[in-house]
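S.K.: Sequence and predicted structure, then a few things I'm wondering about:
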Amino acid sequence: MSLSRDVADDDSDACSLMSVSSGFAPSMASSATTADWDMRSASRPPSVLSMTSSLRQNAYRHEYGRGINNYSEVYRLPADEEELSRLDKQHIMFMEVMGKYAPPMEEVLADDTPGEIKTCVDLGCGSGSWILDVARDFPHCSAVAVDLVPMQVLNMPPNCRSEVDDINLGLQHFYGDFNVVHARLISSGIRDYAGLINHIALTVRPGGLVDLSEFDFQVYGTNKKPIPIDQHASAVARWMNLVHQAVARQGGEPDAANHIHGWLRDHDAFEDVHYRRWWFQTTTWNQGTDPESRRQNRYGAAMRDDILAFLHSGRPLLLGSGCPEHILNDVEDSARKELQEGRVPGFILMQHVYGRRKH
Ligand SMILES: C[S@@+](CC[C@H](N)C(=O)[O-])C[C@H]1O[C@@H](n2cnc3c(N)ncnc32)[C@H](O)[C@@H]1O
């Protein structure tokens with residue numbers, strides 16, 4: 001079993017993992033979080049919030065003990081401190097395994113065009129860990145973080161701003177604005193992912209980069225096939241299946257991960273499309289003692305801790321979408337025990353596609 005990237009087809013990228021360090025100096029920090037109304041002239045008014053403290057408070061509501069965005073009925077995972085901390089740790093795990101940026105990033109964001117300020121947007125930025133890295137690593141660029149809630153950062157780099165918006169309402173106000181459009185793990189809040197890619201095609205500038213990563217709310221077996229869901233399935237697989245069903249019930253696209261490659265590859269607007277995927281062990285179940293098995297178990301431990309935190313994050317989504325509490329408690333307790341014991345094999349599959357906008 002390999003943690004590392006799997007080559008899936010002719011379009012797959014065969015180069016090795018990128019370094020996690022870019023060598024760019026961090027920029028000066030400020031505490032500004034603003035919405036730029038000029039850039040949003042074409043957006044629908046109800047999709048826009050400015051960042052006053054009362055509106056910031058109104059961006060959240062409490063459900064089942066967690067802070068949830070108050071804006072979308074589709075995305076029902078929390079947006080509170082506990083979740084932001086989970087996302088920060090998850091970001092470090094992804095960076096170490098998948099690399100910090102897609103390979104064309106430095107070329108696309110190079111400060112090489114007099115009179116043009118290079119721009120990057122992160123759709124569904126979460127805690128902002130990725131877009132904050134971009135703002136610091138590419139201080140000459142303008143970085144925009146979009147999410148259903150304002151980004152909670154005290155030291156916002158001066159070249160980064162946070163916008164509150166529901167991507168499902170369209171990206172017309174962003175058309176032609178960005179050299180890089182990035183999104184990671186947002187499918188559970190997206191009603192029509194293929195439609196979103198059409199919007200992204202018009203948002204990214206000619207020669208620009210689109211960079212999408214998703215997972216499909218399934219657990220895979222050692223045969224790299226989804227574990228069939230029945231009473232014999234692992235508890236983690238059964239719990240993940242409950243989340244898959246809940247995401248679909250709320251109107252999200254839990255299977256988008258399995259289509260993003262085809263959607264980008266077959267789209268008229270894109271070229272040079274590359275697909276990569278990574279298998280993460282769900283726990284430290286690997287029995288091998290060789291260095292690669294130990295490496296897989298190290299990231300298996302990080303993924304186990306991520307899933308343990310995700311078990312708690314999933315409660316508002318699952319209970320709010322009708323999963324009976326006694327069933328959820330039962331599956332959740334079994335999944336927690338299974339993760340902590342670390343004996344049942346399983347994989348999570350991360351899928352990554354990136355490509356360039358045709359000129
Ligand atoms: C699982 S988190 C991932 C965050 C971040 N991309 C990362 O990889 O760490 C999903 C994020 O997407 C945001 N999101 C989901 N659906 C959205 C939508 N329709 N519009 C804007 N943001 C959305 C959520 O609010 C949440 O912050």
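M.R.: Alright, I've got the coordinates. Numbers count the residues shown, from 1 in each chain.
S.K.: for the record, mean pLDDT for stretch 232-241?
M.R.: With pLDDT averaged residue by residue, stretch 232-241 scores 97.
S.K.: And it, how far out from the chain middle?
M.R.: Computed by Cα atoms, centre = their mean, to the nearest Å, the separation of stretch 232-241 from the middle of its chain amounts to 22 Å.
S.K.: buried set for it?
M.R.: 233, 234, 235, 236, 237, 238, 239, 240, 241 (16 or more other Cβ atoms under 10 Å). C-beta here means a position set from N, CA and C on the backbone, and glycine is covered the same way.
S.K.: go on, stretch 207-216?
M.R.: 208, 209, 210, 211, 212, 213, 214, 215, 216.
S.K.: closest to residue 297 among those?
M.R.: Of all those, residue 297 sits closest to residue 215, with 19.8 Å by Cβ to Cβ.
S.K.: can you tell me which residues contact that closest one?
M.R.: Applying Cβ atoms under 8 Å, 6 or more residues apart in numbering, we find residue 215 in contact with 185, 257, 348, 349, 350, 351.
S.K.: And residue 335, by the same measure?
M.R.: 235, 236, 238, 239, 307, 311.
S.K.: just residue 321 next, same as before
M.R.: Counting by Cβ under 8 Å, 6+ apart, residue 321 touches 76, 245, 246, 249, 250.
S.K.: Quick check: closest non-adjacent residue to it.
M.R.: Nearest residue to residue 321, sequence neighbours excluded (Cβ to Cβ, 6 or more residues apart in numbering): residue 246, at 4.2 Å.
S.K.: Could you give the number of residues near the one you found?
M.R.: Neighbours of residue 246 under the rule other Cβ atoms under 10 Å: 25.
S.K.: sorry, back to before: show me which of the buried residues of stretch 232-241 is closest to residue 355.
M.R.: Residue 355 has its nearest neighbour among those in residue 240, at 28.6 Å by Cβ to Cβ.
S.K.: ok, that closest one touching residue 218?
M.R.: Yes: counting by Cβ atoms under 8 Å, residue 240 touches residue 218, with 6.2 Å between them.
S.K.: show me what contacts the nearest residue to residue 140 once chain neighbours are set aside?
M.R.: Excluding its sequence neighbours, the residue lying closest to residue 140 (Cβ to Cβ, 6+ apart) is residue 111, at 4.3 Å. Going by Cβ under 8 Å, 6+ apart, residue 111 touches 118, 140, 141.
S.K.: Whichever of these end up buried, select them in ChimeraX.
M.R.: To isolate the buried subset of those in ChimeraX, counting by 16+ other Cβ under 10 Å, use the following:
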select :118,141
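S.K.: want to try TSV for the contacts of residue 111, with distance to residue 171 and pLDDT as columns?
M.R.: Shown next, in TSV, are the contacts of residue 111 (distance: Cβ to Cβ, whole Å; pLDDT from 0 to 100):
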residue	distance to residue 171	pLDDT
118	18	98
140	24	97
141	19	98
